[in-house]
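Novice: model the following, please.
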Amino acid sequence: MSAQKEAANVTLTEFKTLDDALGALNRGEIDAVVGDEPIITYSINKSYGTNLITTGVALTHNQYAVVVRPEETKLLAKISETIARLKRAGALNAMREKWFQNVMAEAKGEREALEREEQLQATPKAVAVRFVKQAGSTVEFDRFDGFNIALVGAAGTFTSTAISTDEAGVSGGCKFPDPIPPGDYMLTLSRIRVSRPIKIEKKAVASMTITLTFSGKGLDIEVK
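Specialist: Just a heads-up that it's a prediction; the model follows:
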C-alpha cells in the first residue's frame, strides 16, 4: 500500500492485528482496511455482521506455498504426498467449505445486492401524476383535460401525456412517457400558471408518483 501510486493523499495507518484494524473501521476512525480477502471476510462475518462489507476488489493476487530447506528432501516428499492425499480425498475442499466458502458466498451476495440497489437508485424512474381535489378547492379539474405537465431540469425537459380528469371533477392523472432521471426539476402546469420545484429522489424503486393535491389552502405537491 505504501508503494502504490494510483491513489493520492492517502494516509496509511498500521495496526498490530487485523481485528484491531476492523475495530477502528467499525468505529469510524478509518475509512478502509486492506488485508487477505478470506481472513478479512471471515472476520467481518463473525464479528461485524452487516456493519462492514468487503469491496470484492483484489489489489494483488498472491500464491502461498509450504517451504523447506533444499536438503530436506524426505520432509518435502512427505509434505507433497500429504497435500496430494488431502486433495484426492477432498479434504482441502472440505476445510475450505467449513471455514470460508459459505462466508465468501454470502459476502459476494451482499455486495451484488448492494450494487443492484445502487444501480436502481440512479436509474431513471417511470413517473405518473395524480390529481386530487379536496373540499374547499375552487379549481375546476375539467380545465386540465388535454393539457400537459412539464418537468425541466439539468437532465432535460420532459413532457407528460395529456391530462385526463374524471366526470366528478375530483381526480385525474397523466404520466411521462420517458423515464425521468433523479435530480431537481421545475414542475410547470401552464394551464393555471403553476411552477414549483420538485426533486426526483435517488431511491431503489423503478417508478414514482407525483401527487398534486388541490385544497382550500392551495396546492400541495408530493413525490413518492
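Novice: okay, now Asn45: neighbour count?
Specialist: Using other Cβ atoms under 10 Å, Asn45 has 20 other residues around it. Any C-beta I mention is one placed from the backbone N, CA and C, and that applies to glycine too.
Novice: in a helix, it, correct?
Specialist: Yes. The assignment for Asn45 is a helix, going by DSSP: H, G, I helix; E, B strand; the rest coil.
Novice: walk me through the domains of the protein.
Specialist: What the record gives for the chain is the domain set 18-121, 126-223, from automatic domain parsing.
Novice: lowest average pLDDT across these?
Specialist: Mean pLDDT is lowest for domain 18-121 among those, at a mean of 87.
Novice: straight-line length of that one, end to end?
Specialist: 33 Å (Cα to Cα, to the nearest Å).
Novice: burial measure for Phe147, as a count.
Specialist: 14.
Novice: ok, it to Val67 distance?
Specialist: Distance, Phe147 to Val67, by Cβ to Cβ, to the nearest Å: 80 Å.
Novice: Gly172 contacts Ser160, doesn't it?
Specialist: No. Between Gly172 and Ser160 there is no contact under Cβ atoms under 8 Å: 11.6 Å.
Novice: okay, these two: which has more neighbours?
Specialist: Using other Cβ under 10 Å, the more surrounded residue of Gly172 and Ser160 is Ser160, with 22 against 19.
Novice: I'd like the distance between that one and Ile44.
Specialist: The spacing between Ser160 and Ile44, counted by Cβ to Cβ, is 47 Å.
Novice: one more: His61?
Specialist: Counting by Cβ to Cβ - His61 and Ile44 are separated by 21 Å.
Novice: helices and strands around the helix ranked longest in the chain, which ones?
Specialist: Ordering each helix of the chain by length in residues (DSSP state H) puts helix 102-122 first. The contact analysis (3 or more Cβ pairs under 8 Å, 6 or more residues apart in numbering; DSSP states H and E) places helix 102-122 against helix 37-47.
Novice: for Ile53, see how far away Lys199 is.
Specialist: 28 Å.
Novice: looking at these two, which is more packed in?
Specialist: Ile53 (15 against 11).
Novice: residue contacts, that one?
Specialist: Applying Cβ atoms under 8 Å, 6 or more residues apart in numbering, we find Ile53 in contact with Ile44, Ala107, Glu110, Arg111, Leu114.
Novice: same deal with Val223?
Specialist: The contact partners of Val223, taken as Cβ under 8 Å, 6+ apart, are Ile198, Lys199, Ile200, Glu201, Met208, Thr209, Ile210, Thr211.
Novice: same check on Leu92?
Specialist: Leu92 touches Ile83, Leu86, counting by Cβ under 8 Å, 6+ apart.
Novice: run the last query once more with 10 Å
Specialist: Listed by Cβ atoms under 10 Å, 6 or more residues apart in numbering, the contact set of Leu92 reads Ile83, Arg85, Leu86.
Novice: and if you look at Ala122?
Specialist: So Ala122 contacts Pro181, Pro182, Lys202, Lys203, Ala204 (Cβ under 10 Å, 6+ apart).
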